[in-house]
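Q: okay, sequence plus prediction incoming.
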Amino acid sequence: MKADTLKDKIVPVTTILLALVVIWYVAAILMNAPFQRDMDGRAGATPSTLEFIGKTLAQPKPILPAPHQVAQNVYENTFLRSLSSNRSLVYHSWVTLSSTLLGFGFGMLLGILLAVLIVHNRAMDRSLMPWLVASQTIPILAIAPMIVIISYNVLTGDNAVAHLLNLDSDASRLVSKALISTYLSFFPVAVGMVKGLRSPEIMHLDLMRTYYASPMQTFWKLRVPASIPFLFTSMKVAIAASLVGAIVGELPTGAVAGIGSKLLAGSYYSQTIDIWAALVAGSLLAGILVAIVGVAAKIVDRAMGGRPA
Amino acid sequence: MQAPSVVSAKDLCLTYQANDGPVRALSNVNLDVRKGDFVSFIGPSGCGKTTFLRVIADLEKSTSGEISINGMTPEEARKARAYGYVFQAPALYPWRTIENNIALPLEIMGYSSADRTRRVAEALDLVSLSGFEKKFPWQLSGGMQQRASIARALAFDADLLLMDEPFGALDEIVRDHLNEELLKLWTRTNKTICFVTHSIPEAVYLSTKIVVMSPRPGRVTDIIDSTLPAERPLDIRETPEFLEIAHRVREGLRTGHA
């Protein structure tokens, strides 16, 4: 069993990883070489090949940073900074994570609600579904600033919604950013749940009919449990989409914190290493979130009598 | 004195629209099932035996004729939870343990928690599945799953049991065993059973009454009252009496086809 894991998973994954690192180094040398040659030419230096390669991998603002430069940046900004520091990746990750989770929560609720409406109402099925699909064809990058600005103004303005929710400006900023995540994450949940709620076999439904079960009983005792595996599959897609949404929500709106703002600031000041470090932080975050959903799915599946794989 | 009628059909017809025109699934079916009867419906596929069972269960609506279950319409009978239905497949909910699967109708019908526990235990005992309460369906063999689904149909107070080829997907050895068990169960519980099958030995072995049906249009060609004794060991199937009834069923099926 252990040896199989080694052979089936660890060896292939590490091989690909090593290959990628090698390709990355080669690319870094090749892409940073022209600038280095230029610099050396101006300074009149004539480095040996090895020295030259060393220099291409140690530029402060390289076109493509070497893996170790990114790794060092991630390490320093994760473990050596105080958590409240503006340079701390943990701080920026947390900002993005909080809006990701909030948006994901909204998205789950909205998606499930829409799915329930669609499954139980033919008119809803016909009228809503095309709009849901259409909503996802709009480029999110184009619509994100408008959603963020409009919802922030609604939440902080003088109107019924604002009075009802009564959020301060920080909370309003968070919610308006989270709405982008909601926009991206409700769709996979809605589609998955529609499929899941419709997944019971005819025989299982007939059985409920022979018991003269009420629609509510059929819903809670048959449709909902049958939809759970579909829900988790959708959640994996939705949580990753939520993170993308949170980052996108930070990009065009002048957010001061978060992975998105880190990416933006990095590109303003050509801090390529910072950009890559933020990318790594974002990817790790996505990986962790998807893994958590995966583990939750496994636990629930086992509790619901899933056959061990 | 005759036992009271449980299912009574008079000139029952069912026609449905298929792509190439109307199909007469049932044509003028007349039948009377009395309390305590074990009635088998036998015939080739397409003869309407399953359809007839589904009409009794109010899963299909007849187009004309009369049918009553305990003096009620099928819909009223269904709403009164007058019958338990066993499908071709076990149709257990995979996320529920065996005991929770059997408790499902009890939950829906609003039995108290204590009552549920007692009835689940009784039903499991009836189908000899005690000890498997906490197992999930996939952990049981096909035959055990079907037994669990029978227990589920027995758990609540319905005097009528409708069984649609419940052992059709099982191998012959398991099937023989379950047939024997079913007979014992029928004797113990005193239920009325309507049983759809396409196996002649199964029909003859189990039934007090055999309804032979034929297709296109689905109709009843023969109704045979069994002369076999109530006590039926498996080897009764080699007695001349048994073979004679089986022969008559076969004849009925043949005339239906001609």
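A: Alright, I've got the coordinates.
Q: C-alpha from now on. contacts and neighbour counts both.
A: Noted.
Q: the host helix or strand of residue A:175 packs against which elements?
A: According to DSSP states H and E, residue A:175 maps onto helix A:169-197. In terms of contacts (3 or more C-alpha pairs under 8 Å, 6 or more residues apart in numbering or on different chains; DSSP states H and E), helix A:169-197 is packed against helix A:89-120, helix A:140-156, helix A:224-250.
Q: quick one, which of those helices is nearest to chain B?
A: In terms of C-alpha to the nearest C-alpha, the element of these nearest to chain B is helix A:224-250, at 7.3 Å.
Q: what residues sit buried inside the helix or strand following that closest one?
A: As assigned by DSSP H and E, the chain's next helix or strand after helix A:224-250 is helix A:259-268. Within helix A:259-268, the residues scored as buried using 16 or more other C-alpha atoms under 10 Å in any protein chain shown are A:259, A:260, A:261, A:262, A:263, A:264, A:265, A:266.
Q: correct me, but the third one touches residue A:250?
A: Yes: taking C-alpha atoms under 8 Å as the definition, residue A:261 is a contact partner of residue A:250 at 5.7 Å.
Q: ok, for the residue in chain A positioned nearest to chain B, nearest residue in space, not its chain neighbours?
A: In chain A, the residue that lies nearest chain B is residue A:304 (4.5 Å; C-alpha to the nearest C-alpha). Take residue A:304 and drop its neighbours on the chain: the residue closest to it by C-alpha to C-alpha, 6 or more residues apart in numbering or on different chains is residue B:95, 4.5 Å away.
Q: show me what contacts that neighbour?
A: With contacts defined as C-alpha atoms under 8 Å, 6 or more residues apart in numbering or on different chains, the neighbours of residue B:95 are A:225, A:304, A:305, A:306, B:136.
Q: doesn't it belong to a strand?
A: No: going by DSSP: H, G, I helix; E, B strand; the rest coil, the assignment for residue B:95 is coil, not a strand.
Q: returning to that earlier point: buried ones in the helix holding residue A:175?
A: Those would be A:172-197, for helix A:169-197 by 16+ other C-alpha under 10 Å.
Q: what's the first helix or strand after it?
A: helix A:202-210.
Q: so is that next one next to chain B?
A: Yes: for helix A:202-210, a contact with chain B is found by C-alpha under 8 Å from any C-alpha of the partner chain, at A:203, A:204, A:206, A:207, A:209, A:210.
Q: now the buried members of those.
A: A:204, A:206, A:207, A:209, A:210.
Q: below-threshold pLDDT in the chain: ranges please.
A: Chain wasn't specified; assuming chain A. A:1-3, A:252-255, A:309 (pLDDT under 70).
Q: oops, I was thinking of chain B
A: By pLDDT under 70, the weakly predicted segments of chain B are B:1, B:256-258.
Q: picking that back up, looking at the buried ones among the residues of helix A:202-210 next to chain B, spot the one nearest residue B:35.
A: Taking C-alpha to C-alpha as the measure, residue B:35 sits nearest to residue A:210 out of these, at 20.3 Å.
Q: identify the residues contacting that closest one.
A: Residue A:210 neighbours (C-alpha under 8 Å, 6+ apart): B:57, B:58, B:59, B:78, B:81, B:83, B:84, B:85.
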